[in-house]
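Peer 1: Below are the sequence and a predicted model for it; my questions follow.
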Amino acid sequence: MTLTHEPEFRVSVARSSEDLRAAQRLRYDVFVAELGGGGALVDHDERLERDRFDPFFDHLILFDDAAEGRVVGVYRMLQADQAAAAGGYYSEDEYDLAPLKATGRRLLELGRSCVHVDYRGGPAMYHLWNGLAGYVAEHGIDILFGVASFHGTDVDALAEPLSLLHHRHLAPEVLRVTARPPHAAAMDLIPEPEIDRRAAMLRMPALIKAYLRLGGVVGQGAFVDHGFNTTDVCLVMDTGAMSDRQRRIYGVGA
């Protein structure tokens, strides 16, 4: 944290094109400038990270009103009717979502979660989670899912954390989405007894660790996204299966 002031956080769904552009600008700073990602619709001149799905998603934005309403965190969310209008879910390019659709339960896809570098390690993500919890309650969502990423595309270099996810956090069969070929990669790279759990957790991105604390599970296989310079896993969270402790962490009712 490099802040010199006390933030005044406010969470809201994007209400205007200006809100959306501010979210896309933060995404550019994180996913393109910081992590080396790209995409067909990325606007390097205006520094906007965007894709064809943006018009269909609801965009949850974290503002710091103590910094003139600066956008410091974003999350985007897609319900089933929005996915139908978009021609499918974003993550369907990477994962077969048939098991989730077959449940008949209310689904919400999450994606493009990021926090400005100056606000990481503080309460910013907690405020985003609380905003998300309110949205989930308002819309009666049963299952949250979406891809979360490891930086880089060298699967062997990620063998410890991927193997830990496969052996300890694999989704039950009824929720087990599967990575699509030809960019699917096996995650069971190291036998479970040989995994250095501490080393694996040190390599685990903070967002993935947060989902695991909430009872999140992962689909079968990783997806290597060369265009975005990431190795993705599909996380699934059944809100009905959360424990009271997990609900308190998540912020439901906060």
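Peer 2: Done, it's in.

Peer 1: can we go C-alpha only for contacts and neighbour counts from here?
Peer 2: Will do.

Peer 1: Kindly confirm whether my reading is correct that residue 77 touches residue 109.
Peer 2: Yes. Using CA atoms under 8 Å, residue 77 is in contact with residue 109, at 5.6 Å.

Peer 1: So for these two, which sits in the more crowded spot?
Peer 2: Counted by other CA atoms under 10 Å, residue 77 and residue 109 do not tie: residue 77 has more neighbours, with 24 against 21.

Peer 1: Just confirm the more buried one is within a strand.
Peer 2: Yes. Counting by DSSP: H, G, I helix; E, B strand; the rest coil, residue 77 falls inside a strand.

Peer 1: Going forward, the N-terminal residue is numbered 58.
Peer 2: Okay, using 58 as the starting number, the last item reads as residue 134.

Peer 1: in this structure, which spans are helices?
Peer 2: 74-84, 137-143, 155-159, 181-196, 216-226, 254-259, 263-270, 301-307 (DSSP state H).

Peer 1: looking at these, which has the lowest confidence?
Peer 2: Lowest mean pLDDT within these: helix 301-307, a mean of 62.

Peer 1: Just the CA coordinates for stretch 84-100, please, in PDB.
Peer 2: Extracted C-alpha coordinates of stretch 84-100, given in PDB (Å, rounded to 0.1, in the frame of the first residue of the first chain):
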ATOM      1  CA  ARG A  84      -8.400  -3.400 -16.300                       C
ATOM      2  CA  TYR A  85      -5.900  -2.100 -18.900                       C
ATOM      3  CA  ASP A  86      -3.500  -1.000 -16.100                       C
ATOM      4  CA  VAL A  87      -3.700  -4.400 -14.500                       C
ATOM      5  CA  PHE A  88      -4.200  -7.000 -17.200                       C
ATOM      6  CA  VAL A  89      -2.300  -5.400 -20.100                       C
ATOM      7  CA  ALA A  90       0.300  -3.000 -18.700                       C
ATOM      8  CA  GLU A  91       1.100  -5.000 -15.600                       C
ATOM      9  CA  LEU A  92       0.500  -8.600 -16.700                       C
ATOM     10  CA  GLY A  93       1.100  -8.500 -20.400                       C
ATOM     11  CA  GLY A  94      -2.300  -9.500 -21.600                       C
ATOM     12  CA  GLY A  95      -4.000  -8.500 -24.800                       C
ATOM     13  CA  GLY A  96      -7.100  -9.000 -26.900                       C
ATOM     14  CA  ALA A  97      -8.700  -8.100 -30.200                       C
ATOM     15  CA  LEU A  98     -10.600  -5.100 -28.800                       C
ATOM     16  CA  VAL A  99      -8.000  -3.700 -26.500                       C
ATOM     17  CA  ASP A 100      -7.500   0.000 -27.100                       C
END
